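Student: attaching a predicted model along with its sequence, questions to come.
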Amino acid sequence: MDRQRLEGMMTALLQATLDEQNEHGAVVATATLPLVGDNAAITSMRLVSFIADLETTLASDHGLEITLVSEQALSRQKSPFRSVEALAEYILELIGGTEQAVSAA
């Protein structure tokens, strides 16, 4: 799975989270949609749920046992949780920066 497929999978998970939060489906998930801050598209509780779903999907579908929320992540000057795009970059960094490390399953 390359970065584009990773972002696509994450965007689909985010859309499911947005659909749960917004009954009318008013917000469409994109790789650049803000996840944190004043303009965040989801609540902090939904962000926690999204991250948990993402970790579960990475483990079950791709064999990647990683923890996204850590002191390392939270202490960064730029949060890896600011968007799907930033989070995908962080995931690739965690797995060694090689897109081949994410299985094509």
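Tutor: Arrived safely. Numbers count the residues shown, from 1 in each chain.
Student: low-confidence ranges in the chain?
Tutor: 1, 24-25, 97-105 (pLDDT under 70).
Student: try it again with 50
Tutor: 98-105 (pLDDT under 50).
Student: now the helices for it?
Tutor: For the chain, applying DSSP state H gives helices covering 3-21, 44-62, 71-74, 84-94.
Student: can you lay out the ones you listed as CSV showing mean neighbour count and distance to residue 31?
Tutor: C-betas here are computed from N, CA, C, even on glycine. Listed next are the helices of the chain as CSV, based on neighbours: other CB atoms under 10 Å; distance: least, CB to CB, whole Å:
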stretch, mean neighbour count, distance to residue 31
helix 3-21, 17, 5
helix 44-62, 15, 14
helix 71-74, 11, 18
helix 84-94, 19, 4
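Student: turn those helices into JSON lines, including distance to residue 30.
Tutor: Output for the helices of the chain, formatted as JSON lines (distance: least, CB to CB, whole Å):
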{"stretch": "helix 3-21", "distance to residue 30": "7"}
{"stretch": "helix 44-62", "distance to residue 30": "14"}
{"stretch": "helix 71-74", "distance to residue 30": "22"}
{"stretch": "helix 84-94", "distance to residue 30": "7"}
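Student: among these, which comes closest to residue 35?
Tutor: Proximity to residue 35 (CB to CB) singles out helix 44-62 among these, at 5.8 Å.
Student: surely residue 34 meets residue 83?
Tutor: Yes. Residue 34 is in contact with residue 83 according to CB atoms under 8 Å; the separation is 6.2 Å.
Student: of the two, who's got more company?
Tutor: Neighbour count, other CB atoms under 10 Å: between residue 34 and residue 83, residue 83 has more, with 21 against 14.
Student: which residues touch residue 80?
Tutor: In this structure, residue 80 makes contact with 68, 73, 86-87, 89-90, judged by CB atoms under 8 Å, 6 or more residues apart in numbering.
Student: likewise residue 33?
Tutor: When contacts are counted by CB under 8 Å, 6+ apart, residue 33 touches 14, 27, 41, 83-84.
Student: just to revisit the earlier point, between the contacts of residue 80, which sits nearest residue 22?
Tutor: Nearest to residue 22 out of the contacts of residue 80 is residue 87 (CB to CB; 20.4 Å).
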